[in-house]
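Q: Return a 3D structure for these sequence lines:
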Amino acid sequence: QVQLQESGPGLVKPSQTLSLTCSVSGDDITRGYYYWNWIREPPGKGRQWIGSIGWSGNTYITASLKSRASISRDTSKNQFTLQLSSVTAADTAVYYCARDPSGSARLDDMDYWGKGALVTVSS
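A: Model (predicted):
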């Protein structure tokens, strides 16, 4: 059974960097041909795909966040990490990690999800 678990601070100050880690069990993040994704859901809004890191280590970030977001991985720990810099209140959301076997980045195609982690940006 594949399980994903988000972890990180629940409160981040404006202008700081948000950092979240997704720990994966039951699968290997280097196994072809899966993509490991970050998605967020702001209060009262729909889920938004942030980006992904593929089995080979290639990363993909949505255009609107490309200047502020990065995704990396630690293969020894089977984890991948999202960093989002210069955060504002608009970055307050529940952040999810998810596995995508298709590479489409469509939310409906993702087969395993973490439970989500609420991150609030506030001073």
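Q: Which strand or helix spans the residue nearest the centre of the chain?
A: Residue closest to the average C-alpha location in the chain (CA atoms, centre = their mean): Trp38, at 2.3 Å. Using DSSP states H and E, the element containing Trp38 is strand 35-41.
Q: which helices and strands does the helix or strand following that strand pack with?
A: Following strand 35-41 in sequence order, the next helix or strand is strand 48-54 (DSSP H and E). For strand 48-54, the elements it packs on are strand 35-41, strand 59-61, strand 69-74, strand 79-84, strand 93-100, judged by 3 or more CB pairs under 8 Å, 6 or more residues apart in numbering; DSSP states H and E. Any C-beta I mention is one placed from the backbone N, CA and C, and that applies to glycine too.
Q: could these be laid out in a markdown table, adding distance to Ala117?
A: Below are the helices and strands packed on strand 48-54 laid out as a markdown table (distance: least, CB to CB, whole Å):
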| stretch | distance to Ala117 |
| --- | --- |
| strand 35-41 | 10 |
| strand 59-61 | 19 |
| strand 69-74 | 15 |
| strand 79-84 | 10 |
| strand 93-100 | 5 |
